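Student: this one's structure only:
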(Lines give C-alpha, C1' and ligand atoms only; values in the text may rest on other atoms or scores of the structure.)
Protein backbone atom coordinates (compact mmCIF):
# COMPACT_ATOMS: atom_id res chain seq x y z
CA UNK A 1 0.00 0.00 0.00
CA UNK A 2 2.73 2.38 0.92
CA UNK A 3 4.62 1.65 -2.27
CA UNK A 4 1.43 1.95 -4.27
CA UNK A 5 0.78 5.38 -2.78
CA UNK A 6 4.33 6.35 -3.60
CA UNK A 7 3.89 5.35 -7.21
CA UNK A 8 0.54 7.13 -7.36
CA UNK A 9 2.02 10.21 -5.70
CA UNK A 10 5.00 10.13 -8.04
CA UNK A 11 2.68 9.92 -11.02
CA UNK A 12 0.65 12.87 -9.69
CA UNK A 13 3.82 14.85 -9.14
CA UNK A 14 4.86 13.97 -12.69
CA UNK A 15 1.54 15.21 -14.04
CA UNK A 16 1.87 18.39 -11.99
CA UNK A 17 5.39 18.97 -13.25
CA UNK A 18 4.32 18.38 -16.83
CA UNK A 19 1.35 20.74 -16.43
CA UNK A 20 3.60 23.39 -14.90
CA UNK A 21 5.99 23.05 -17.84
CA UNK A 22 3.13 23.45 -20.33
CA UNK A 23 1.91 26.55 -18.51
CA UNK A 24 5.41 28.02 -18.52
CA UNK A 25 5.78 27.35 -22.24
CA UNK A 26 2.36 28.91 -22.88
CA UNK A 27 3.25 31.95 -20.81
CA UNK A 28 6.57 32.40 -22.58
CA UNK A 29 5.03 32.00 -26.04
CA UNK A 30 2.19 34.37 -25.16
CA UNK A 31 4.33 36.99 -23.43
CA UNK A 32 5.19 39.05 -26.54
CA UNK A 33 1.49 39.60 -27.28
CA UNK A 34 0.64 40.26 -23.63
CA UNK A 35 3.46 42.77 -23.33
CA UNK A 36 2.24 44.92 -26.22
CA UNK A 37 0.51 48.21 -25.40
CA UNK A 38 -3.23 48.54 -25.92
CA UNK A 39 -4.46 49.43 -29.41
CA UNK A 40 -1.10 48.35 -30.80
CA UNK A 41 -2.20 47.11 -34.22
CA UNK A 42 -3.76 49.61 -36.61
CA UNK A 43 -4.59 50.12 -40.26
CA UNK A 44 -4.85 53.05 -42.67
CA UNK A 45 -7.58 53.01 -45.35
CA UNK A 46 -7.15 54.80 -48.66
CA UNK A 47 -10.83 54.56 -49.61
CA UNK A 48 -13.45 54.70 -46.87
CA UNK A 49 -14.35 51.14 -45.79
CA UNK A 50 -17.94 50.05 -45.36
CA UNK A 51 -19.41 49.10 -41.99
CA UNK A 52 -19.01 45.41 -42.82
CA UNK A 53 -15.40 45.92 -43.85
CA UNK A 54 -14.61 47.74 -40.61
CA UNK A 55 -16.13 44.90 -38.64
CA UNK A 56 -13.95 42.42 -40.52
CA UNK A 57 -10.87 44.48 -39.71
CA UNK A 58 -11.81 44.38 -36.03
CA UNK A 59 -12.35 40.61 -36.14
CA UNK A 60 -8.94 40.31 -37.73
CA UNK A 61 -7.33 41.96 -34.72
CA UNK A 62 -7.08 45.61 -35.75
CA UNK A 63 -7.50 47.90 -32.76
CA UNK A 64 -7.34 51.32 -34.38
CA UNK A 65 -7.84 53.01 -37.72
CA UNK A 66 -6.02 56.15 -38.86
CA UNK A 67 -8.03 58.58 -40.98
CA UNK A 68 -7.60 62.13 -42.30
CA UNK A 69 -9.55 65.18 -41.24
CA UNK A 70 -8.95 67.57 -44.12
CA UNK A 71 -9.46 71.16 -43.05
CA UNK A 72 -10.20 72.30 -46.60
CA UNK A 73 -13.07 69.81 -46.87
CA UNK A 74 -14.50 70.48 -43.42
CA UNK A 75 -14.36 74.27 -43.66
CA UNK A 76 -14.04 75.47 -47.28
CA UNK A 77 -15.34 78.95 -46.39
CA UNK A 78 -13.82 81.37 -43.89
CA UNK A 79 -17.21 82.58 -42.75
CA UNK A 80 -18.77 79.16 -42.13
CA UNK A 81 -18.36 76.97 -39.07
CA UNK A 82 -16.71 73.57 -39.62
CA UNK A 83 -19.15 71.06 -41.13
CA UNK A 84 -18.64 67.56 -39.72
CA UNK A 85 -21.36 65.84 -41.73
CA UNK A 86 -18.80 64.07 -43.95
CA UNK A 87 -16.86 62.80 -40.93
CA UNK A 88 -19.77 61.70 -38.72
CA UNK A 89 -20.71 58.54 -40.64
CA UNK A 90 -17.20 57.13 -40.45
CA UNK A 91 -16.87 57.90 -36.72
CA UNK A 92 -20.16 56.09 -36.17
CA UNK A 93 -19.17 53.01 -38.21
CA UNK A 94 -15.77 52.80 -36.51
CA UNK A 95 -17.34 53.08 -33.05
CA UNK A 96 -19.91 50.40 -33.87
CA UNK A 97 -17.05 48.14 -35.02
CA UNK A 98 -15.24 48.85 -31.70
CA UNK A 99 -12.32 50.49 -33.49
CA UNK A 100 -10.55 53.52 -32.07
CA UNK A 101 -9.94 56.39 -34.48
CA UNK A 102 -6.64 58.24 -34.80
CA UNK A 103 -7.30 61.35 -36.91
CA UNK A 104 -4.51 63.27 -38.61
CA UNK A 105 -5.56 66.85 -39.22
CA UNK A 106 -4.06 68.66 -42.21
CA UNK A 107 -4.84 70.37 -45.51
CA UNK A 108 -5.34 74.10 -44.99
CA UNK A 109 -7.93 75.86 -47.19
CA UNK A 110 -6.70 78.62 -49.52
CA UNK A 111 -8.68 81.26 -47.62
CA UNK A 112 -6.49 80.60 -44.58
CA UNK A 113 -3.10 79.73 -46.04
CA UNK A 114 -1.71 81.12 -49.31
CA UNK A 115 -1.17 78.87 -52.28
CA UNK A 116 2.38 78.81 -53.62
CA UNK A 117 2.09 77.99 -57.31
CA UNK A 118 5.82 78.45 -57.86
CA UNK A 119 6.57 75.13 -56.14
CA UNK A 120 4.26 72.67 -57.85
CA UNK A 121 1.00 72.38 -59.71
CA UNK A 122 -0.68 70.59 -56.77
CA UNK A 123 -0.47 73.32 -55.34
CA UNK A 124 1.08 72.82 -51.89
CA UNK A 125 0.54 75.29 -49.05
CA UNK A 126 2.39 76.63 -46.04
CA UNK A 127 1.60 75.64 -42.47
CA UNK A 128 -1.00 77.87 -40.75
CA UNK A 129 1.37 79.69 -38.37
CA UNK A 130 2.27 82.98 -40.08
CA UNK A 131 -0.67 85.32 -39.54
CA UNK A 132 -3.22 86.02 -36.84
CA UNK A 133 -5.99 84.67 -39.09
CA UNK A 134 -4.17 81.40 -39.72
CA UNK A 135 -3.39 80.78 -36.07
CA UNK A 136 -6.86 81.71 -34.87
CA UNK A 137 -8.62 79.64 -37.54
CA UNK A 138 -6.47 76.56 -36.93
CA UNK A 139 -7.06 76.64 -33.18
CA UNK A 140 -10.79 77.11 -33.73
CA UNK A 141 -10.86 74.08 -36.04
CA UNK A 142 -9.20 71.85 -33.44
CA UNK A 143 -11.45 73.06 -30.65
CA UNK A 144 -14.46 72.36 -32.84
CA UNK A 145 -13.19 68.83 -33.56
CA UNK A 146 -12.79 68.09 -29.85
CA UNK A 147 -16.21 69.51 -29.05
CA UNK A 148 -17.62 67.18 -31.68
CA UNK A 149 -15.72 63.94 -31.00
CA UNK A 150 -14.00 64.38 -27.62
CA UNK A 151 -15.25 63.02 -24.26
CA UNK A 152 -18.04 65.60 -23.99
CA UNK A 153 -18.56 65.72 -27.75
CA UNK A 154 -21.89 66.65 -29.28
CA UNK A 155 -21.64 63.66 -31.62
CA UNK A 156 -21.99 61.23 -28.72
CA UNK A 157 -24.82 63.23 -27.17
CA UNK A 158 -26.72 63.27 -30.48
CA UNK A 159 -26.16 59.53 -31.05
CA UNK A 160 -26.80 57.77 -27.72
CA UNK A 161 -27.10 54.39 -29.44
CA UNK A 162 -23.53 54.53 -30.76
CA UNK A 163 -20.86 53.04 -28.47
CA UNK A 164 -18.91 55.92 -26.93
CA UNK A 165 -15.32 55.91 -28.15
CA UNK A 166 -14.20 59.53 -27.74
CA UNK A 167 -11.08 60.66 -29.55
CA UNK A 168 -8.24 61.58 -27.18
CA UNK A 169 -5.18 61.33 -29.48
CA UNK A 170 -4.81 63.83 -32.33
CA UNK A 171 -2.10 63.67 -34.97
CA UNK A 172 -1.01 67.08 -36.21
CA UNK A 173 -0.46 67.17 -39.98
CA UNK A 174 1.03 64.45 -42.16
CA UNK A 175 4.65 64.12 -43.26
CA UNK A 176 5.51 67.78 -42.48
CA UNK A 177 9.11 67.12 -43.59
CA UNK A 178 8.07 66.35 -47.18
CA UNK A 179 7.05 68.76 -49.94
CA UNK A 180 3.98 66.71 -50.93
CA UNK A 181 2.18 67.86 -47.77
CA UNK A 182 4.06 71.08 -47.03
CA UNK A 183 5.38 73.01 -49.99
CA UNK A 184 8.39 74.31 -48.11
CA UNK A 185 8.99 72.17 -45.01
CA UNK A 186 10.13 74.19 -42.02
CA UNK A 187 10.96 72.46 -38.72
CA UNK A 188 10.69 75.69 -36.71
CA UNK A 189 7.25 76.46 -38.13
CA UNK A 190 6.07 72.94 -37.52
CA UNK A 191 7.07 73.25 -33.88
CA UNK A 192 4.97 76.43 -33.69
CA UNK A 193 2.04 74.50 -35.14
CA UNK A 194 2.43 71.83 -32.46
CA UNK A 195 2.42 74.49 -29.73
CA UNK A 196 -0.70 76.12 -31.19
CA UNK A 197 -2.39 72.74 -31.42
CA UNK A 198 -1.51 71.88 -27.83
CA UNK A 199 -3.11 75.08 -26.56
CA UNK A 200 -6.25 74.56 -28.63
CA UNK A 201 -6.77 70.88 -27.81
CA UNK A 202 -6.08 71.29 -24.10
CA UNK A 203 -8.52 74.18 -23.86
CA UNK A 204 -11.28 71.85 -25.06
CA UNK A 205 -10.13 68.59 -23.40
CA UNK A 206 -7.51 68.54 -20.66
CA UNK A 207 -6.86 64.88 -21.44
CA UNK A 208 -6.21 65.40 -25.15
CA UNK A 209 -2.85 64.15 -26.42
CA UNK A 210 -0.80 65.11 -29.47
CA UNK A 211 1.13 62.81 -31.79
CA UNK A 212 3.49 64.48 -34.25
CA UNK A 213 2.66 64.14 -37.94
CA UNK A 214 4.27 61.00 -39.33
CA UNK A 215 7.74 61.91 -40.56
CA UNK A 216 8.81 60.35 -43.84
CA UNK A 217 12.00 58.60 -42.74
CA UNK A 218 14.33 59.25 -45.69
CA UNK A 219 12.78 61.04 -48.67
CA UNK A 220 15.22 60.99 -51.56
CA UNK A 221 14.65 64.72 -52.18
CA UNK A 222 16.37 65.42 -48.85
CA UNK A 223 19.66 64.28 -50.35
CA UNK A 224 19.80 67.33 -52.58
CA UNK A 225 20.93 70.64 -51.09
CA UNK A 226 18.21 73.02 -52.17
CA UNK A 227 17.39 76.36 -50.66
CA UNK A 228 14.84 76.41 -49.27
CA UNK A 229 14.74 72.63 -48.74
CA UNK A 230 11.85 70.65 -50.20
CA UNK A 231 12.40 67.71 -47.83
CA UNK A 232 14.30 66.70 -44.71
CA UNK A 233 15.34 63.35 -43.34
CA UNK A 234 13.15 62.62 -40.32
CA UNK A 235 16.09 62.78 -37.91
CA UNK A 236 17.27 66.20 -39.10
CA UNK A 237 13.75 67.63 -39.14
CA UNK A 238 13.07 66.41 -35.61
CA UNK A 239 16.39 67.74 -34.28
CA UNK A 240 15.80 71.17 -35.84
CA UNK A 241 12.26 71.28 -34.45
CA UNK A 242 13.55 70.72 -30.94
CA UNK A 243 16.31 73.33 -31.28
CA UNK A 244 14.00 76.01 -32.67
CA UNK A 245 11.19 75.58 -30.15
CA UNK A 246 12.10 75.81 -26.49
CA UNK A 247 9.82 73.73 -24.29
CA UNK A 248 8.37 71.82 -27.24
CA UNK A 249 8.79 68.39 -25.66
CA UNK A 250 6.04 69.10 -23.13
CA UNK A 251 3.57 69.78 -25.95
CA UNK A 252 3.29 66.32 -27.48
CA UNK A 253 3.11 62.74 -26.25
CA UNK A 254 4.27 60.74 -29.26
CA UNK A 255 6.61 60.93 -32.25
CA UNK A 256 5.35 59.34 -35.47
CA UNK A 257 7.47 57.84 -38.21
CA UNK A 258 6.77 56.54 -41.72
CA UNK A 259 9.79 54.25 -42.25
CA UNK A 260 9.19 53.35 -45.89
CA UNK A 261 12.01 51.23 -47.24
CA UNK A 262 12.62 48.54 -49.83
CA UNK A 263 13.12 45.90 -47.14
CA UNK A 264 12.09 45.47 -43.53
CA UNK A 265 15.75 44.73 -42.78
CA UNK A 266 16.46 48.47 -43.08
CA UNK A 267 13.93 49.48 -40.42
CA UNK A 268 16.43 49.23 -37.57
CA UNK A 269 18.67 52.19 -38.52
CA UNK A 270 15.64 54.35 -39.36
CA UNK A 271 14.03 53.76 -35.97
CA UNK A 272 17.21 53.88 -33.94
CA UNK A 273 18.15 57.16 -35.63
CA UNK A 274 14.94 58.75 -34.34
CA UNK A 275 15.47 57.30 -30.88
CA UNK A 276 18.94 58.86 -30.79
CA UNK A 277 17.46 62.28 -31.56
CA UNK A 278 14.97 61.85 -28.72
CA UNK A 279 17.74 60.85 -26.32
CA UNK A 280 19.91 63.79 -27.41
CA UNK A 281 17.03 66.11 -26.50
CA UNK A 282 16.43 64.47 -23.10
CA UNK A 283 13.12 63.12 -24.36
CA UNK A 284 13.86 59.39 -24.52
CA UNK A 285 10.67 58.50 -22.69
CA UNK A 286 8.51 59.47 -25.67
CA UNK A 287 6.65 56.70 -27.44
CA UNK A 288 7.24 56.05 -31.14
CA UNK A 289 4.19 55.61 -33.35
CA UNK A 290 4.62 53.91 -36.73
CA UNK A 291 1.60 55.53 -38.37
CA UNK A 292 2.38 54.27 -41.88
CA UNK A 293 4.31 51.21 -42.99
CA UNK A 294 3.73 49.08 -46.03
CA UNK A 295 4.79 47.42 -49.25
CA UNK A 296 2.97 46.83 -52.51
CA UNK A 297 1.68 43.54 -53.86
CA UNK A 298 2.20 44.79 -57.40
CA UNK A 299 4.57 42.86 -59.63
CA UNK A 300 8.19 43.77 -58.91
CA UNK A 301 9.65 46.16 -61.46
CA UNK A 302 12.94 47.96 -61.84
CA UNK A 303 12.81 51.35 -60.16
CA UNK A 304 10.06 50.46 -57.66
CA UNK A 305 11.60 48.87 -54.60
CA UNK A 306 8.24 48.82 -52.79
CA UNK A 307 6.63 46.39 -55.27
CA UNK A 308 7.05 42.83 -53.99
CA UNK A 309 4.22 40.76 -55.46
CA UNK A 310 1.51 39.14 -53.36
CA UNK A 311 3.77 36.70 -51.52
CA UNK A 312 6.57 39.22 -51.20
CA UNK A 313 4.23 41.75 -49.60
CA UNK A 314 3.25 39.18 -46.96
CA UNK A 315 6.91 38.32 -46.40
CA UNK A 316 7.77 41.98 -45.74
CA UNK A 317 4.83 42.35 -43.34
CA UNK A 318 5.92 39.26 -41.40
CA UNK A 319 9.51 40.45 -41.17
CA UNK A 320 8.55 43.99 -40.15
CA UNK A 321 5.90 43.02 -37.61
CA UNK A 322 8.14 40.36 -36.10
CA UNK A 323 10.94 42.89 -35.68
CA UNK A 324 8.68 45.59 -34.26
CA UNK A 325 7.08 43.20 -31.81
CA UNK A 326 10.46 41.91 -30.69
CA UNK A 327 11.90 45.40 -30.24
CA UNK A 328 8.75 47.06 -28.91
CA UNK A 329 10.07 47.75 -25.42
CA UNK A 330 13.54 48.83 -26.44
CA UNK A 331 12.23 51.17 -29.13
CA UNK A 332 9.19 52.23 -27.05
CA UNK A 333 6.82 51.56 -29.94
CA UNK A 334 3.29 52.60 -29.01
CA UNK A 335 1.39 51.61 -32.16
CA UNK A 336 1.91 50.20 -35.65
CA UNK A 337 -0.38 51.07 -38.59
CA UNK A 338 -0.21 49.14 -41.85
CA UNK A 339 -0.65 51.24 -44.98
CA UNK A 340 -3.11 50.33 -46.32
CA UNK A 341 -6.45 48.53 -46.03
CA UNK A 342 -7.27 48.74 -49.72
CA UNK A 343 -5.51 49.47 -53.00
CA UNK A 344 -5.79 52.92 -54.56
CA UNK A 345 -4.27 52.96 -58.07
CA UNK A 346 -2.76 56.25 -59.16
CA UNK A 347 -2.54 57.95 -55.78
CA UNK A 348 1.21 57.29 -55.39
CA UNK A 349 3.94 55.18 -56.95
CA UNK A 350 3.06 52.13 -54.86
CA UNK A 351 -0.40 52.89 -53.43
CA UNK A 352 -2.07 50.76 -56.08
CA UNK A 353 -0.95 47.59 -54.33
CA UNK A 354 -0.39 48.35 -50.64
CA UNK A 355 -3.78 47.09 -49.50
CA UNK A 356 -4.32 44.05 -47.33
CA UNK A 357 -7.33 43.53 -49.57
CA UNK A 358 -7.63 43.64 -53.35
CA UNK A 359 -10.61 44.90 -55.34
CA UNK A 360 -13.88 43.59 -53.96
CA UNK A 361 -12.29 43.36 -50.49
CA UNK A 362 -10.63 40.12 -51.51
CA UNK A 363 -7.99 39.22 -48.88
CA UNK A 364 -4.36 38.93 -49.90
CA UNK A 365 -1.75 36.74 -48.17
CA UNK A 366 -0.65 39.87 -46.29
CA UNK A 367 -4.06 40.01 -44.58
CA UNK A 368 -3.64 36.53 -43.13
CA UNK A 369 -0.15 37.50 -41.97
CA UNK A 370 -1.58 40.62 -40.30
CA UNK A 371 -4.24 38.55 -38.53
CA UNK A 372 -1.59 36.14 -37.25
CA UNK A 373 0.26 38.96 -35.48
CA UNK A 374 -2.85 40.82 -34.34
CA UNK A 375 -4.37 37.66 -32.86
CA UNK A 376 -7.70 37.86 -34.65
CA UNK A 377 -9.76 35.79 -37.09
CA UNK A 378 -9.51 36.37 -40.86
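Tutor: Great, that's in hand. As the structure is a computational prediction, the values presented were derived from the model and not from experiment.
Student: Now stretch 63-82: buried residues?
Tutor: 63, 64, 65, 66, 67, 68, 69, 71, 74, 75, 82 (16 or more other Cβ atoms under 10 Å). Quick note: C-beta positions are derived from backbone N, CA and C, even for glycine.
Student: quick one: which two of those are the most distant?
Tutor: Spanning the widest gap among the buried residues of stretch 63-82 are 63 and 75, at 29.9 Å by Cβ to Cβ.
Student: how far is stretch 336-350 from where the chain is centred?
Tutor: Centroid separation between stretch 336-350 and its chain, computed with Cα atoms, centre = their mean, to the nearest Å, is 13 Å.
Student: any weak-confidence spans in the stretch 151-300 of the chain?
Tutor: Low-confidence segments of the stretch 151-300 of the chain (pLDDT under 70): none present.
Student: so who does the residue nearest to the spatial centre of the chain touch?
Tutor: By Cα atoms, centre = their mean, the chain has its centre lying nearest to residue 291, at 2.2 Å. Counting by Cβ atoms under 8 Å, 6 or more residues apart in numbering, residue 291 touches 42, 44, 66, 102, 104, 171, 211, 214, 256-258, 335, 337.
Student: same deal with residue 248?
Tutor: Contact analysis of residue 248 by Cβ under 8 Å, 6+ apart lists 191, 194, 195, 241, 242.
Student: tell me the domain ranges of the chain?
Tutor: 1-35, 40-374 (automatic domain parsing).
Student: Give me whichever of the ones you listed is most buried.
Tutor: domain 40-374 (a mean of 18; mean count of other Cβ atoms under 10 Å).
Student: For residue 301, grab phi and psi.
Tutor: phi -140, psi 160 (degrees, to the nearest 10).
Student: Start from the N-terminal end of the stretch 51-200 of the chain and give the strands.
Tutor: 64-70, 100-106, 169-172 (DSSP state E, counting those that start in this stretch).
Student: Could you point out which of the ones you listed sits nearest residue 321?
Tutor: The closest of the strands of the stretch 51-200 of the chain to residue 321 is strand 64-70. By Cβ to Cβ, the value is 15.1 Å.
Student: Partner strands of the closest one, with direction?
Tutor: strand 41-44 (parallel), strand 100-106 (parallel) (DSSP bridges).
Student: Show me what it is in contact with.
Tutor: Contacts for strand 64-70 (Cβ under 8 Å, 6+ apart): 39, 41-45, 54, 57, 87, 90, 94, 99-107, 145, 171, 174, 291-292, 335, 337.
Student: Let me see the contact set for the closest residue to residue 144 other than its chain neighbours.
Tutor: The shortest distance from residue 144 to any residue other than its chain neighbours is 4.6 Å, reached at residue 82 (Cβ to Cβ, 6 or more residues apart in numbering). Residue 82 is in contact with 74, 75, 141, 144, 145, counting by Cβ under 8 Å, 6+ apart.
Student: And those, which two are furthest apart?
Tutor: Between all members of the contacts of residue 82, the farthest pair (by Cβ to Cβ) comes out as 75 and 145, at 10.6 Å.
Student: re earlier: make JSON lines out of the strands paired with strand 64-70 and add distance to residue 360 and mean pLDDT.
Tutor: Listed next are these as JSON lines, based on distance: least, Cβ to Cβ, whole Å; pLDDT from 0 to 100:
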{"stretch": "strand 41-44", "distance to residue 360": "18", "mean pLDDT": "98"}
{"stretch": "strand 100-106", "distance to residue 360": "25", "mean pLDDT": "98"}
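Student: Between those, which one is closest to residue 230.
Tutor: It's strand 100-106; of the strands paired with strand 64-70, that one is closest to residue 230 (Cβ to Cβ) at 17.4 Å.
Student: so where do the helices sit in the stretch 251-378 of the chain?
Tutor: In the stretch 251-378 of the chain, the segments counted as helices under DSSP state H, counting those that start in this stretch are 267-280, 309-326, 328-331, 365-374.
Student: list the helices and strands the third one packs on?
Tutor: Just to be clear, that refers to helix 328-331. helix 2-35, helix 267-280 (3 or more Cβ pairs under 8 Å, 6 or more residues apart in numbering; DSSP states H and E).
Student: tell me the pLDDT at residue 21?
Tutor: Residue 21 is assigned a predicted lDDT (pLDDT) of 33.
Student: possible to save the buried residues of stretch 63-82 as a markdown table with distance to residue 161 and pLDDT?
Tutor: Formatted as a markdown table, these follow (distance: Cβ to Cβ, whole Å; pLDDT from 0 to 100):
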| residue | distance to residue 161 | pLDDT |
| --- | --- | --- |
| 63 | 23 | 98 |
| 64 | 22 | 98 |
| 65 | 21 | 98 |
| 66 | 25 | 98 |
| 67 | 22 | 97 |
| 68 | 26 | 97 |
| 69 | 24 | 98 |
| 71 | 29 | 98 |
| 74 | 24 | 98 |
| 75 | 28 | 98 |
| 82 | 24 | 98 |
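Student: Pick the one among those closest to residue 346.
Tutor: Distances from residue 346 to the buried residues of stretch 63-82, taken by Cβ to Cβ, are shortest for residue 68, at 17.5 Å.
Student: Quick check: that closest one vs residue 226, distance?
Tutor: Note on residue 68: its distance to residue 226, by Cβ to Cβ, to the nearest Å, is 28 Å.
Student: What mean pLDDT does stretch 124-135 get?
Tutor: 94.
Student: End to end on that stretch, go ahead and measure it.
Tutor: By Cα to Cα, to the nearest Å, the extent of stretch 124-135 from end to end equals 18 Å.
Student: how far out from the middle of the chain is it?
Tutor: Remark: stretch 124-135 is offset 24 Å from the chain centroid, using Cα atoms, centre = their mean.
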